[in-house]
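Peer 1: Mind folding the following:
(one chain, ligands or ions: 1)
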Amino acid sequence: MILGVPTWFDGELPNYWDEFVPEIEDMDLKGKKIAIFGNGNQKEYSENFVDGIGIMANLLQQRGATIIGHTSAEGYTFEKSRALIGDKFMGLALDFENQAGKNKDRIKNWAENIKKEFNL
Ligand SMILES: Cc1cc2nc3c(=O)[nH]c(=O)nc-3n(C[C@H](O)[C@H](O)[C@H](O)COP(=O)(O)O)c2cc1C
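Peer 2: Prediction:
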């Protein structure tokens, strides 16, 4: 599975996930590999950059899923992020507002890596 989740409201999931989150909480995701990408804005929301990726990753892990597709946080400038584990994001962080020019390469590299992790 590949999930896309932007961050809204200073470090929260967008409203339209309100219905989906309780469904995830009821799922058994043991043995499932899940990759997450997330939109955010590192300049305007430096204290909560792509927090949605971290919120979603934790939720899915609690249900037994394995999160694949971690990426380096190098090349981004921000204060804090719930998406970080060590020096890596638990998914692919995309910032269309400040670093749109980097998205193509970031997506390409991520896609190649998750293909391997999904054993495709
Ligand atoms: C009201 C509002 C709150 C936001 N809060 C955050 C935030 O806490 N962290 C973050 O990284 N980006 C934040 N953003 C930036 C959005 O994640 C970014 O604009 C993203 O591209 C939106 O994707 P979407 O249009 O697919 O929902 C916020 C944007 C808005 C308008």
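
Peer 1: Contact partners for the most centrally placed residue in the chain?
Peer 2: Among the residues of the chain, the one closest to the centroid is Ile53, at 3.0 Å (Cα atoms, centre = their mean). Counting by Cβ atoms under 8 Å, 6 or more residues apart in numbering, Ile53 touches Val5, Thr7, Ile36, Phe37, Gly38, Ser81, Arg82, Ala83, Phe89, Met90, Gly91, Ala93. C-betas here are computed from N, CA, C, even on glycine.

Peer 1: out of those residues, who's nearest the ligand?
Peer 2: Thr7 (3.7 Å; Cβ to the nearest ligand atom).

Peer 1: and the closest residue to the ligand within the chain, how many neighbours?
Peer 2: At 2.5 Å from the ligand, Gly40 is the closest residue in the chain, using Cβ to the nearest ligand atom. With neighbours defined by other Cβ atoms under 10 Å, the count for Gly40 comes to 30.

Peer 1: Next, it: phi, psi?
Peer 2: Geometry field for Gly40 lists phi and psi as phi -160, psi -180, criterion degrees, to the nearest 10.
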